[in-house]
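**Student:** Give the three-dimensional model of this entry:
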Amino acid sequence: MINEVLLADLVTALPAAVRLQRMVHALRAHFGCDAVALLRRQEDSLLPVAVDGLAHDALGRRFKVELHPRLAAIMAQRQPVRFGYGSTLPDPYDGLLEAQAGVPLPVHDCVGISLHVEGALWGALTFDALGTAAFAAVSDERLMHAAVLAEAAVRITRLEDEVRSLRQMRGNADAAPDSEAGAGALDDDEIVGQSPQLLQLLHELDVVAASDLPVLLLGETGVGKELFARRLHRRSGRPKALVHVNCAALPESLAESELFGHVRGAFTGAGSERAGRFETASGGTLFLDEVGELPLPVQAKLLRTLQNGEVQRLGEDRPRRVDVRVIAATNRDLRQSVREGGFRVDLYHRLSVYPVPIPPLRERGSDILLLAGRFLELNRARLGLRSLRLSATAEELLLRYSWPGNVRELEHVVSRAAIKAVSRGAERSAIVTLEPTLLDLEWQSAPAPPEAVASGAPSAGGGAATDAAPLAPASLRSAVEQCQREAIRRAVAASEGNWALAARQLGLDPSNLNKLARRLGVARESGR
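**Tutor:** Coordinates of the predicted model:
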């Protein structure tokens, strides 16, 4: 039966993630075990591509082979490697298998097989069970047969990916975004996630990467704009390196020299000539992070460089040709800065040839748990723990929080919680579970973004309960309404009583703000 199911999927046009997920699901049912995982090798780590029976955050984890003796043993052999109940080697999935009542349990029986594709070591296939001697009756021949089927699925997925890439290179606009671009991708460029918003964004970036068009990455602080810039550069095919410039950290007096270079004696302290970042990036990509912070005089010279492809060092008359692809990023509203005179309109249009909004973490759904899994594994290794996991209520809290600091804040929250758990007596040899009280999200509260207020979504403060129990519907509704009242009052106060301006700050139509204020009982003290 297993042959028919898997072979049918191999000859059917399926998205990569769907084919591989169906495969591990079928293998788990065939062997009657508690979990199956397909892992791809990336340098010194194994990345889960598809899992069945493991916690959702497992897809976001990256397992360093040298830190997991079982995985190292599996990768070192071609034949199946078995770890029975008596094995003293910890299992990388201890505490991560789905169990009744959410009780974290160690793995009691495990088998792993290394996978080879086109003669090269590709990754591994693992089978785990909570019971003892679960695989005693399973022959090596049956396990190797499963490995061959997995290798065939990976090979077909790789061929389909190559065909898709060729079509995109030929300008085939019909190539649709595929779910393989997320955490279960065959090449995810370390951007973790599977949400539709992220998959569409990654596909869009891959299409524009092949052009030399300037790209403007837009997004809140902490969404990972630099990661997306790196992906754009890697997919661009430009031979030279990506050069990163933090425009916010450039002193105004030195910004021009840093970007365009200078000759000896151009200014006090210029003891020798120096190439600027544009020349360094020639043949590659220049990433201008926080570009909205550049001083106006430097903006004018940057515009000339983008227009002419030339730079002129300070103190030098001769222009120099450069071949640079520019990616800019900002968390500011540049259009508003243009209206206020803080940013040149012509430079804005030059940089925003292709603007790319990056969704905030709160809009990416279960990607929050995948990213949490990534940070859990990093901290498990950093602190020398056997296993580090989230309780079900902690997962619920993470999903409910609004994450004003986005991915960066999530990383800090998980790291702090792990350190607290150890400092409060958690044994490093045990399965350490992070509960909501360790996350301290009530102390991380921040006003909900305007779109959350408009849609009635809970704020950070309203979303993080002080205990592990979920809020009752009535109390949740009350918390949301209170958050909306406070947001309206703050916006009106900041606008000095001008309700039309307050509506713009909140991202609402003035009439809708009036209706919402009346429903919430917020008094309108000014007629403006």
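**Student:** Poorly predicted segments of the stretch 301-450 of the chain, please.
**Tutor:** 442-450 (pLDDT under 70).
**Student:** what about L217, is that helix, strand or coil?
**Tutor:** Secondary structure assignment for L217 (DSSP: H, G, I helix; E, B strand; the rest coil): strand.
**Student:** Now name the helix or strand holding the nearest residue to it once chain neighbours are set aside.
**Tutor:** Computed as C-beta to C-beta, 6 or more residues apart in numbering, the closest residue to L217 that is not its neighbour in sequence is A329, at 4.0 Å. Glycine gets a C-beta too; all of them are placed from N, C-alpha and C. If you go by DSSP states H and E, A329 is part of strand 325-330.
**Student:** That strand: what's the following helix or strand?
**Tutor:** helix 334-339.
**Student:** And the average pLDDT for stretch 24-37 is what?
**Tutor:** The pLDDT scores in stretch 24-37 average 93.
**Student:** Provide the contact partners of it at residue level.
**Tutor:** 1-2, 5-6, 38, 48, 50-54, 58, 93, 97-98, 125-131, 134-135, 138, 146, 150 (C-beta atoms under 8 Å, 6 or more residues apart in numbering).
**Student:** If you count neighbours, what's buried in it?
**Tutor:** 24-28, 30-31, 33-37 (16 or more other C-beta atoms under 10 Å).
**Student:** Among those residues, name the ones in strands.
**Tutor:** Applying DSSP state E to these, the entries found in strands are 35-37.
**Student:** Tell me the one of those nearest G86?
**Tutor:** Nearest to G86 among those, counting by C-beta to C-beta, is A35 at 20.0 Å.
**Student:** Which other helices and strands does the top helix by length along the chain contact?
**Tutor:** Secondary structure assigned by DSSP state H gives helix 140-169 as the longest helix of the chain. Contact here means 3 or more C-beta pairs under 8 Å, 6 or more residues apart in numbering; DSSP states H and E; on that basis helix 140-169 packs against helix 2-10, helix 16-31, strand 109-117, strand 120-129.
**Student:** Point out where the stretch 1-150 of the chain drops to low pLDDT.
**Tutor:** Across the stretch 1-150 of the chain (using pLDDT under 70), the flagged ranges come out as 1-14, 99-103.
**Student:** The same query, at a cut-off of 90, please.
**Tutor:** 1-22, 55-56, 84-88, 90, 95, 97-108, 118-119, 130-133 (pLDDT under 90).
**Student:** who touches R416 in this structure?
**Tutor:** Here R416 is in contact with D440 (C-beta under 8 Å, 6+ apart).
**Student:** Flag every buried residue along the helix or strand harbouring it.
**Tutor:** Applying DSSP H and E as the criterion places R416 in helix 406-423. Across helix 406-423, burial judged by 16+ other C-beta under 10 Å covers 406-407, 409-411, 413-415, 417-418, 421-422.
**Student:** now do stretch 332-339
**Tutor:** Quick answer for stretch 332-339 (16+ other C-beta under 10 Å): 334, 337-338.
**Student:** quick check, nearest of those residues to R364?
**Tutor:** Nearest member of the buried residues of stretch 332-339 to R364, counting by C-beta to C-beta, is L334, at 23.6 Å.
**Student:** Would you agree the closest one is in contact with F343?
**Tutor:** Yes - the pair L334 and F343 qualifies as a contact (C-beta atoms under 8 Å) at a distance of 5.5 Å.
**Student:** about what we covered before: redo the ones in strands among the buried residues of stretch 24-37 as a markdown table? Include distance to G224.
**Tutor:** Listed next are those as a markdown table, based on distance: C-beta to C-beta, whole Å:
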| residue | distance to G224 |
| --- | --- |
| A35 | 30 |
| V36 | 30 |
| A37 | 26 |
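**Student:** C-alpha coordinates for the helix or strand where A502 lies, PDB please?
**Tutor:** In this assignment (DSSP H and E), A502 forms part of helix 499-506. Presented in PDB, the C-alpha positions along helix 499-506 are these (Å, rounded to 0.1, in the frame of the first residue of the first chain):
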ATOM      1  CA  TRP A 499     -10.100  64.400  15.100                       C
ATOM      2  CA  ALA A 500      -9.500  64.400  11.300                       C
ATOM      3  CA  LEU A 501      -5.700  64.300  12.000                       C
ATOM      4  CA  ALA A 502      -6.200  61.600  14.700                       C
ATOM      5  CA  ALA A 503      -8.100  59.500  12.200                       C
ATOM      6  CA  ARG A 504      -5.200  59.700   9.700                       C
ATOM      7  CA  GLN A 505      -2.800  58.700  12.500                       C
ATOM      8  CA  LEU A 506      -4.900  55.700  13.300                       C
END
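**Student:** Which positions within it qualify as buried?
**Tutor:** Quick answer for helix 499-506 (16+ other C-beta under 10 Å): 499, 501-506.
**Student:** which residues sit against the helix or strand just after that helix?
**Tutor:** Sequence order places helix 510-520 as the next helix or strand after helix 499-506, per DSSP H and E. Residues outside helix 510-520 that contact it (C-beta under 8 Å, 6+ apart): 454, 481, 484-485, 488, 499-500, 502-503, 506, 508, 524.
**Student:** Quick check: chain neighbours aside, which residue is closest to D91?
**Tutor:** V107 (3.9 Å).
**Student:** Let me see the contact set for that neighbour.
**Tutor:** 91, 93-94, 97, 128-130.
**Student:** which residue packs closest to E363, ignoring adjacent ones?
**Tutor:** Q197 (6.0 Å).
**Student:** Kindly report the same for A153.
**Tutor:** M23 (5.3 Å).
**Student:** and P48, how many neighbours?
**Tutor:** 26 (other C-beta atoms under 10 Å).
**Student:** Against L96, how distant is it?
**Tutor:** Per C-beta to C-beta, to the nearest Å, P48 is found 10 Å from L96.
**Student:** Quick check: neighbours shared by the two?
**Tutor:** 54, 58.
**Student:** give me the element L378 is part of.
**Tutor:** Going by DSSP H and E, L378 is in helix 367-383.
**Student:** Would you indicate which residues of that helix are buried?
**Tutor:** 367-381, 383.
**Student:** now swap in stretch 263-281 and tell me
**Tutor:** Buried, per 16+ other C-beta under 10 Å, within stretch 263-281: 263, 266, 274, 276-281.
**Student:** average pLDDT across it?
**Tutor:** On average, stretch 263-281 scores 81.
**Student:** can you give me the end-to-end distance of it?
**Tutor:** Stretch 263-281 has its terminal residues 18 Å apart, counting by C-alpha to C-alpha, to the nearest Å.
**Student:** And A381, how far from T221?
**Tutor:** On the measure of C-beta to C-beta, A381 and T221 end up 27 Å apart.
**Student:** An error on my part: the question was meant for A209.
**Tutor:** A209 is 24 Å from T221, by C-beta to C-beta.
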